[in-house]
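Asks: Pasted the sequence and its predicted model underneath.
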Amino acid sequence: MAEVARLYRHFLREVGKSSLVPRPQRNKALAGHYRALFEQHQDGPNATALGREIEDAVTFLRHQRKHKELLERYNPLIDLTAEERIEATARRVGLNMPETAKGGSP
């Protein structure tokens with residue numbers, strides 16, 4: 001019982017850290033579904049299997065979040081558009097991109 005509750009708290013913590021939306025905007029039905037799933041399977045023959053699956057899910061969420069952090073740290077151009085990426089690469093080697101004419105006049 002206590003082990004499943006501990007794993008449930010770890011799971012909720014990792015879901016919160018890896019969420020893209022702030023806490024007030026998260027889907028409350030999803031949190032209720034998680035709670036019902038844990039309460040339903042906390043006792044019985046499947047409790048140890050559920051514990052292993054929860055640990056795997058927590059590990060996956062943690063490593064997915066860390067992977068995203070490392071991508072942002074070591075590849076800062078990942079979230080730019082193609083044009084912004086070209087300009088940033090040109091600036092990196094000491095060049096400036098020429099300004100393109102907007103509209104029909106030269």
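Replies: On my side now, so go ahead. Numbering: from 1, shown residues only.

Asks: CA atoms for contacts and neighbours, from now on please.
Replies: Will do.

Asks: what distance separates the start and the end of stretch 11-26?
Replies: 15 Å (C-alpha to C-alpha, to the nearest Å).

Asks: Could I get the average pLDDT for that stretch?
Replies: Average pLDDT, stretch 11-26: 82.

Asks: Just give me the residue closest to the centre of the chain.
Replies: Central residue of the chain (C-alpha atoms, centre = their mean): Ser18, 4.0 Å from the mean position.

Asks: my guess is that residue meets His67, correct?
Replies: No: in this structure Ser18 lies outside contact range of His67 using C-alpha atoms under 8 Å: 11.1 Å.

Asks: Any buried residues in the helix or strand bottoming out on mean pLDDT in the chain, and which?
Replies: Within the chain, no helix or strand scores below helix 28-41, which has a mean of 79 by mean pLDDT, DSSP states H and E. Judged by neighbour count (16 or more other C-alpha atoms under 10 Å), helix 28-41 contains these buried residues: 38, 41.

Asks: swap in stretch 42-54?
Replies: Buried-residue list, stretch 42-54, by 16+ other C-alpha under 10 Å: 42, 47, 50-51, 54.

Asks: what do you get for stretch 74-84?
Replies: By neighbour count on 16+ other C-alpha under 10 Å, the buried set for stretch 74-84 is Leu77.

Asks: what's the first-to-last distance across it?
Replies: By C-alpha to C-alpha, the extent of stretch 74-84 from end to end equals 17 Å.

Asks: Could I get the average pLDDT for the lengthiest helix in the chain?
Replies: Longest helix of the chain, by residue count under DSSP state H: helix 47-74. Averaged across helix 47-74, pLDDT comes to 88.

Asks: And stretch 91-101, by the same measure?
Replies: Stretch 91-101 comes out at a mean pLDDT of 82.
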